[in-house]
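Q: sequence and predicted structure below; questions after.
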Amino acid sequence: MKRKIGALAVALLGAVALGACGGDDDGAAMLDELGEGEGAVNLVAWAGYVEDGSTDPNVDWVSDFEADTGCEVNVKIGNSSDEMVELMQSGEYDAVSASGDATLRLIAGGDVVPVNTDLIPNYADVFEGLKNKPWNSVDGKVYGVPHGRGANLLVYNTEAGAAPTSIVDMFSPDSPYAGKISVYDSPIYIADAAIYLMATQPELGITNPYALDQTQFDAAIAALETQKSVVGQYWALYTDQQAALEKGTVTLGTTWQVIVNLAKGNGAKIDSTLHSEGATGWSDTWMVSSKAKHPNCAYKWLNHIISPQANAGVAEWFGEAPSNSKSCALTADPNHCATFHADDEDYFSKVYYWTTPTAECLDGRDAECVPYSEWVNAWNKLRA
Amino acid sequence: MRALQRVGERLEQAPRVAESNRVIAGRGRPRPALALWGLLSAPLAWLLVVYVGSLALLIVSAFFSLDDFTSKPTTELTSANIVEAFTERAYLLLVARSIGVAVAATAICFALAMPTAFYIARLASRRTRRGFIVALTLPLWTGYLVKAFALRAVLEPGSEYGEGGFMKSLVGWSPGFGNVAVILTLAYLWFPYMLLPIYAGLERMPNSLLDASADLGAGSLRTFRLVMLPLLIPSIAAGSIFTFSLSLGDYITVKIVGGTAQLIGNIIERALLAPNQPLAAAFTLWPILIMVVYLTVMGRAGAFKNL
Amino acid sequence: MHLSVSARLALRLVAYGVLAVVYLPLVLIFVLSFNSARSIAWPPVSFSTRWWSGFLDVESAREALITSSRLALVAMVIAVVLGSMLSFALARYDFYGKNTISFLAVLPIALPGIVTGVALRNTFVRFGWDLGFLSVVAGHATFCIVVAHNNIVARLRRIAPNLREASADLGATPLQTFRLVTWPLIRSAVAAGGILAFALSFDEVVVTTFTAGAGVQTLPQWILNNFARPNVLPYVTVMATLVLVVSLPIAWLAQRLGDSNPE
């Protein structure tokens, strides 16, 4: 028995030693010159960002890219920012469409490299309001090209009642939609609970839903615990919410316009709206991996996805504001940019973009805020 | 009756054919040790280094901490992950629920497999026997996902705004998506794994035993209870290893028919995708510990003798 | 055993009832593959064979099928070779650590797939090994070896020991003994183990998810990714039915091989 324990101890110590030496970052640098395409590009993207006609034959901005550049596109759909960070850490992908709650983690982790915007001609036409923002540039270095931005909407069943105007319907135990509420299954949703508290418990003093001290955080978790009794679905895959909307088992939920469009296309009697209390949202950035095996194709993709035509296509399909100012003239719906406030910095100043909460409060307060790792722990326990 | 039990015991102790196949390394034949190591080295290298090494690495990584800014594990050791995974009330309930689901699925599999195997082995004609076994093991080939999605289609509850699935259209009711649906689906998926060992055990059972039991005056139920069932324990144990283990760690079925339900596999995946690899590793210690205990108990019950 | 008529009837009902329940969802999928509408809602809208005629045109489905077949083939070969070696070692020899090895040999199928998947992924990523086709092969081979081994070792234990001794007494070299005596007796078990390993690898999705690289998509992964997409869903039902129909003779063959008694 002693020999067995001894052998086991040696094995474990050896494993510690092995585990301690991990792969070191090569510190891949920014691309200086654009070369020939490598024949393929592996992307991590939000659902609906990289469409090649297989979802809808008329929705395709990949096939022409593949024909022009010879870069065959392989896309892995990331269902949440967390998943995208995990995928990029594996080093298997070339580029990612990262939201603000992923970008800084990727930059700090050395998983992405600065982008040479001189090699991306279409960058010049990107709205100025999206360039050099805290989530896509650090120390003056640009880490990606803006993809587009939008707010997280509410979807509701038109046969179940009039459009909800308040976020209270999502959280109240007496909600008329009780049992049929659909909530995004990610720790970042705690920010939505914080917005609910901003409206219903102003005495807590929350000004930024991503800057929560322990008291405010505990209150948000309590609100989510109460919400559990009325939640019918926590959706991680967009197709889950789409299916539930079509079946009518969900009549209210946080959503993206693309899901509403897809479900409507299959006959669901639904519509989207925005509640009055202010919404969480996103401003996405295409970034290049530090371990990219196809960097040239990655750059070509970045240039393509923010080109006026492609960016107009994805903005309309997903339901968001495009990043290229020239796209507004190319959308099928002439009012698209107006509907989605493409140029309206004032509107977006009130949208709380997904951001990674840090221990140093994001609103500049001299307090100790709850870091994202604790958000994850709390969400795991909530869902367990 | 006691006499029946003793008959059974004595037959169990009879020397097996297999025993005499063994060659004691170092004795008897020349160079068996060399041949032995030659035979063992390649699969050993594979199993040990790649697999067991990965497991050891995983267990060790549970003690690493996570850098807040980069979401990457550091080599700084901490017990926080273990404490989180093993002392938080929410997780203890989750593990208990997962074990409950696995036990329920295993129980349903056994309750259905026992009479079915009995019928096939003892009552069906020889031709129907083969047909039955092929028919009941064929679904193993259709694919786990296809069956899970098929059951989703069957169990879909629908609503006043949308159509339900097959069960709803047929009987007007469905358990809906949740833990019950998960248990039913898991039992459906793993049924052949319970059926085959029990059927094999029944096939191996010598008729003379059952005749002896009848001769001694035992009715069929008694014979089953006192002679057949004890002899089948190893087969049942072997079958239950598959159904229990496959149910315990399952997270895909939970996602497909589980609704808002979460089992231990889902929490592991959730932690891994956070990304918080050390915490995910800490959670994997739960199914590892549970299975080691389960395997030991089933091993005592003789599951490995005829696996 | 003497059973009452009612007991016999009850058992027969249970057996046939189980058979019906097992096949109901599969028949559902089969019927829905002829559904003209792009959904799996019941009842089907109308009869149509358009999915059957079109499914090979779906490039992603075709590639997934090829990837899965290649993967299963490689995993099967590795499993049979290494599994046989392990079986011979465990069936024929006694040695220190034998029980540990037997225990280790069960782990890959006794531990939940997610544990294996997470462990392997952790190892691969940490050492900077590329995730791709080979990493999935490594994962699959782990549990396939066990499955093949189970079949072969069970057969080895059933072979009478004096056969080998008799062969040696008659002057045969170990190689000749293997070729002329042992192999004919175990080859059906090896085949059955190989077929089972192939099926297991073909169907596996959990370990695959964690060990597959960016460009690798097996058929189960394709199904998982596409089941909810209405345009591709009908092809999933076709694929499922195809697998079922093709598997029937293979399952029957595996059963016959596993059954055959060594003479």
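A: Arrived safely.
Q: quick check: the residue of the stretch 101-250 of chain A nearest chain C.
A: In the stretch 101-250 of chain A, no residue comes nearer to chain C than residue A:239, which is 3.2 Å away by Cβ to the nearest Cβ. Placement of C-beta: from N, CA and C, glycine included.
Q: equivalent analysis for chain B, please.
A: Counting by Cβ to the nearest Cβ, chain B gets nearest chain C through residue B:249, at 1.9 Å.
Q: can you read off the pLDDT for the residue in the stretch 51-200 of chain B that chain A sits nearest to?
A: Across the stretch 51-200 of chain B, no residue is closer to chain A than residue B:161, which sits at 2.6 Å (Cβ to the nearest Cβ). We have a pLDDT of 85 for residue B:161.
Q: contacting residues for it?
A: Residues in contact with residue B:161 (Cβ atoms under 8 Å, 6 or more residues apart in numbering or on different chains) are A:157, A:159, A:160, A:247, A:248, A:251, A:269.
Q: residue C:132 now?
A: Residue C:132 makes contact with C:212, C:213, C:214, C:215, C:216 under the criterion Cβ under 8 Å, 6+ apart.
Q: can we see that at 10 Å?
A: Residue C:132 makes contact with A:92, C:124, C:211, C:212, C:213, C:214, C:215, C:216 under the criterion Cβ atoms under 10 Å, 6 or more residues apart in numbering or on different chains.
Q: relative to residue C:67, how far out is it?
A: For residue C:132, the distance to residue C:67 equals 11 Å [Cβ to Cβ, to the nearest Å].
Q: pull up the overlap in contacts between those two.
A: Here residue C:132 and residue C:67 share the contacting residues C:212, C:215, C:216, scored by Cβ under 10 Å, 6+ apart.
Q: for the second one, helix, strand, or coil?
A: The reference is to residue C:215. coil (DSSP: H, G, I helix; E, B strand; the rest coil).
Q: ok, and the closest non-adjacent residue to it?
A: If the residues on either side of it in the chain are set aside, residue C:215 comes closest to residue A:74, at 5.6 Å by Cβ to Cβ, 6 or more residues apart in numbering or on different chains.
Q: does the one you found lie in a helix or a strand, and which?
A: strand A:72-77 (DSSP states H and E).
Q: dump that strand to CSV, restricted to CA.
A: In CSV, the C-alpha atoms belonging to strand A:72-77 read as follows (Å, rounded to 0.1, in the frame of the first residue of the first chain):
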residue,chain,number,x,y,z
GLU,A,72,-12.0,29.1,-47.5
VAL,A,73,-14.0,30.2,-44.4
ASN,A,74,-14.5,27.9,-41.5
VAL,A,75,-16.6,29.4,-38.8
LYS,A,76,-17.2,28.3,-35.2
ILE,A,77,-20.2,30.0,-33.6
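Q: picking up where we left off before, so the residue of chain B closest to chain C versus residue B:255, what's the distance?
A: 13 Å.
Q: swap in residue C:18?
A: Distance of residue C:18 to residue B:255, computed by Cβ to Cβ: 27 Å.
Q: on that earlier part again, the residue of the stretch 101-250 of chain A closest to chain C belongs to a helix?
A: Yes: assessed by three-state DSSP, residue A:239 belongs to a helix.
Q: show me what the strand holding residue A:74 is packed against.
A: Packing partners of strand A:72-77 (3 or more Cβ pairs under 10 Å, 6 or more residues apart in numbering or on different chains; DSSP states H and E): strand A:40-45, helix A:63-69, helix A:81-89, helix A:295-305.
Q: low-scoring stretches of the chain, by residue?
A: All of this is about chain A. A:1-28 (pLDDT under 70).
Q: nope, chain C please
A: Filtered on pLDDT under 70, chain C yields the residue ranges C:1, C:37-43, C:228-232, C:258-263.
Q: indicate the residue of it located nearest to chain B.
A: residue C:112 (1.9 Å).
Q: neighbours of that residue, just the number please.
A: Residues near residue C:112, counting by other Cβ atoms under 10 Å in any protein chain shown, number 27.
Q: just residue C:26 next, same as before
A: Neighbours around residue C:26, by other Cβ under 10 Å: 18.
Q: do residue A:45 as well
A: So residue A:45, with other Cβ under 10 Å, has 25 neighbours.
Q: measure it to residue B:143 for me?
A: On the measure of Cβ to Cβ, residue A:45 and residue B:143 end up 28 Å apart.
Q: how about residue A:94?
A: Distance of residue A:94 to residue B:143, given as Cβ to Cβ: 31 Å.
Q: repeat that for residue A:113.
A: Per Cβ to Cβ, residue A:113 is found 41 Å from residue B:143.
Q: tell me the contacts of the residue nearest in space to the middle of chain A?
A: By Cα atoms, centre = their mean, chain A has its centre lying nearest to residue A:99, at 4.2 Å. Counting by Cβ under 10 Å, 6+ apart, residue A:99 touches A:46, A:78, A:80-81, A:84, A:135, A:147, A:149, A:188, A:281-285, A:353-356.
Q: need the longest helix for chain C.
A: Using DSSP state H, we find that the single longest helix of chain C is helix C:59-92.
Q: now do the helix or strand that that one is followed by: which elements does it pack against?
A: Next helix or strand after helix C:59-92 toward the C-terminus (DSSP H and E): strand C:93-94. In terms of contacts (3+ Cβ pairs under 10 Å, 6+ apart), strand C:93-94 is packed against strand B:23-24, helix B:32-44.
Q: those: lowest mean pLDDT?
A: Among those, strand B:23-24 carries the lowest mean pLDDT (a mean of 40).
Q: ok, back up a step: doesn't the residue of the stretch 51-200 of chain B closest to chain A belong to a helix?
A: No: looking at residue B:161 with three-state DSSP, it is coil, so not inside a helix.
Q: from residue A:158, how far off is it?
A: For residue B:161, the distance to residue A:158 - Cβ to Cβ - is 10 Å.
Q: can you check residue A:116 too?
A: From residue A:116 to residue A:158 the distance is 48 Å (Cβ to Cβ).
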